[in-house]
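Undergrad: Provided below are the primary sequence and the corresponding predicted coordinates.
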Amino acid sequence: MRHTFFLATCTLGTLSAASGALAGGYVAPVAEPVVAAPVVEAAPVSDWAGGYAGGSIGYSFGGGDEVGLDLYESDTLVQRGTNLGSVDVKGVTAGLHAGYRWQRDNWVFGPELWIEGGSVDATETVDFGGAIDVESTVNYIVGLQLKTGYVVNPQTLVYGTAGAVYGDFDYTLSDAAGSETVNYDASGYSLGLGVERKLRDNLSVFAEWQYRSFGKTEVTYDLGDGDALKTRATPEHHNIKVGVNFRF
């Protein structure tokens, strides 16, 4: 009888523990939430690619054309004057240009063709066996340059330029007996820096500095009877300009 009671008691305890476990139910493991990394969006880069055309106004200055004169009689040098003075050409300019640009990410590059004219000249009086007025005049300049720039923000482009230039010039010598003008042309190179700012998608304004060098060109004045007066013109100068571009 005691053994029967003991077995019954153990059985009831086991059933009670099992019942308690079933009453609690299954508890699923708690998974830690996955925190997504913040998405950093790249700054927008505006579109500068395509064709464009525009105009500009500027000012040329800093043309240090050192004056030297050689007098020849029947191809024989009889008199030479060096460092007689400096013809510093300067004046207002106006120009037109057209070009095309490609864009790779923030880099923008392409060719530009331009033409420029204005009132750019200077006169220097030198002493060469008497007073002589030497005048140098820039008639017009044509240039083809490569522009390479970087978009620093969606509306602003900074750039550099390098190219070839061709110019048409006049060189005039005057004294008490009269004056003579010789027209000549020269070619050289240009270097520059600039910044361009968009006003709207197809309209922008820019400011640019450019240096032009045309090397040395010999200019000869025929004095008659086999006599000649020669000089070497070096019409290099700087130019600063502001302008507008229309993209199409």
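TA: Nice, I can see it.

Undergrad: buried stuff in stretch 181-201?
TA: 184, 186, 188, 190, 192, 194, 196, 198 (16 or more other CB atoms under 10 Å). C-betas here are computed from N, CA, C, even on glycine.

Undergrad: and what of stretch 141-155?
TA: 141-143, 145, 147, 149, 151.

Undergrad: so which of the residues you listed sit within helices?
TA: Among the buried residues of stretch 141-155, no member is found in helices (DSSP state H).

Undergrad: counting only strands, which of those residues make the cut?
TA: In this view, those that belong to strands under DSSP state E are 141-143, 145, 147, 149, 151.

Undergrad: wait, which of those is closest to Asn83?
TA: Ile141 (26.8 Å; CB to CB).

Undergrad: measure that closest one to Ser74 for me?
TA: 37 Å (CB to CB, to the nearest Å).

Undergrad: equivalent analysis for Gly54, please.
TA: 54 Å.

Undergrad: in terms of neighbours, single out the busier of these two.
TA: Gly54 (20 against 9; other CB atoms under 10 Å).

Undergrad: may I ask which helix or strand of the protein has the lowest mean pLDDT?
TA: Using mean pLDDT, DSSP states H and E, helix 2-24 stands out as the lowest-scoring helix or strand of the chain, at a mean of 46.

Undergrad: for stretch 62-77, list every residue counted as buried.
TA: Taking 16+ other CB under 10 Å as the criterion, stretch 62-77 shows 63, 65, 67-72 as buried.

Undergrad: so which of the residues you listed sit within strands?
TA: Using DSSP E, the buried residues of stretch 62-77 in strands are 63, 65, 67-72.

Undergrad: count of residues packed around Gly224?
TA: 6.

Undergrad: need the residue closest to the centroid of this structure.
TA: Residue closest to the average C-alpha location in the chain (CA atoms, centre = their mean): Gly160, at 3.0 Å.

Undergrad: report the contact partners of it.
TA: The neighbourhood of Gly160, defined by CB atoms under 8 Å, 6 or more residues apart in numbering, consists of 147-149, 191-194.

Undergrad: recalculate using a threshold of 7 Å.
TA: 148, 192-193 (CB atoms under 7 Å, 6 or more residues apart in numbering).

Undergrad: ok, and what's touching stretch 240-248?
TA: Counting by CB under 7 Å, 6+ apart, 50-59, 93, 95, 196, 202-209 sit against stretch 240-248.

Undergrad: list just the nearest of the buried residues of stretch 62-77 to Phe128.
TA: So of the buried residues of stretch 62-77, ranked by how close each gets to Phe128 (CB to CB), first place is Leu69, at 5.0 Å.

Undergrad: so who does that closest one touch?
TA: Contacts of Leu69 by CB under 7 Å, 6+ apart are 81, 84, 128, 229, 231.

Undergrad: would you check which pair of the residues you listed lies furthest apart?
TA: Leu84 and Leu229 (12.4 Å).

Undergrad: show me where pLDDT drops low in the protein?
TA: Applying pLDDT under 70 to the chain flags the ranges 1-45.

Undergrad: can you report how many residues lie near Gly117?
TA: With other CB under 10 Å as criterion, Gly117 counts 15.

Undergrad: how about the helix or strand harbouring it as PDB, C-alpha atoms only?
TA: For Gly117, the enclosing helix or strand under DSSP states H and E is strand 107-127. Only the C-alpha atoms of strand 107-127 are listed here, as PDB (Å, rounded to 0.1, in the frame of the first residue of the first chain):
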ATOM      1  CA  TRP A 107      36.000  67.400 -65.700                       C
ATOM      2  CA  VAL A 108      35.000  69.500 -68.800                       C
ATOM      3  CA  PHE A 109      37.100  69.900 -71.900                       C
ATOM      4  CA  GLY A 110      36.900  70.900 -75.500                       C
ATOM      5  CA  PRO A 111      38.100  73.300 -78.300                       C
ATOM      6  CA  GLU A 112      37.200  76.900 -78.800                       C
ATOM      7  CA  LEU A 113      37.700  79.200 -81.800                       C
ATOM      8  CA  TRP A 114      37.700  83.000 -81.200                       C
ATOM      9  CA  ILE A 115      38.300  86.300 -83.000                       C
ATOM     10  CA  GLU A 116      39.100  89.600 -81.400                       C
ATOM     11  CA  GLY A 117      39.600  93.200 -82.500                       C
ATOM     12  CA  GLY A 118      39.600  96.700 -81.000                       C
ATOM     13  CA  SER A 119      41.600  99.700 -80.400                       C
ATOM     14  CA  VAL A 120      44.900  98.300 -79.200                       C
ATOM     15  CA  ASP A 121      48.000 100.400 -80.000                       C
ATOM     16  CA  ALA A 122      50.800 102.500 -78.600                       C
ATOM     17  CA  THR A 123      53.300 105.100 -79.800                       C
ATOM     18  CA  GLU A 124      56.900 105.700 -78.600                       C
ATOM     19  CA  THR A 125      59.200 108.500 -79.700                       C
ATOM     20  CA  VAL A 126      62.800 107.300 -80.100                       C
ATOM     21  CA  ASP A 127      66.100 109.000 -81.100                       C
END
